[in-house]
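*Asks:* Got a predicted structure here, sequence first:
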Amino acid sequence: MLQKKMVENISAKEVEELINSHPKREQVAAVGMPDPILGERVCAFIKPKKDETVSFEEIISYLKGKKTSALYLPERIEIIAEMPLTNVGKFDKKRLRDEIREKLRKEGKIEL
């Protein structure tokens, strides 16, 4: 008998809210990035505050320290200098999804 693997949908907004409390971040946008096994995983784009740096390890450690469920830990973090915006001033998540998809393709982690 085969066991069906349970996959839980994670809201990008919830991941953003968790990371938003980090003292070194100025802006954060979470998006789904392609995954050949699960379909999608979470990538968080972070713009640090001026004169600050932040790493993947630091963010994960921070979230674990807040007792965040492993389900809400981003699989990848991209540090960016400027958050792309739409014409109406919202974070351009389509552009961010395209950007991470292209990076994954160049890294040989996905095929298009």
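*Replies:* Looks like it arrived, so ask away.
*Asks:* Going by C-alpha atoms from here, please, whenever you check contacts or count neighbours.
*Replies:* OK.
*Asks:* for this structure, which spans come out with low pLDDT?
*Replies:* Residue ranges of the chain with pLDDT under 70: 1-8, 112.
*Asks:* List the buried residues for whichever helix or strand residue 97 is part of?
*Replies:* In this structure, residue 97 sits in helix 93-106 according to DSSP states H and E. Buried residues in helix 93-106, counting neighbours by 16 or more other C-alpha atoms under 10 Å, are found at 93, 96, 97, 100, 101, 104.
*Asks:* Pull the contacting residues for the third one.
*Replies:* By C-alpha atoms under 8 Å, 6 or more residues apart in numbering, the residues touching residue 97 are 31, 32, 33.
*Asks:* Just give me the closest of the buried residues of helix 93-106 to residue 82.
*Replies:* Proximity of the buried residues of helix 93-106 to residue 82, judged by C-alpha to C-alpha, is greatest for residue 96, which lies at 11.4 Å.
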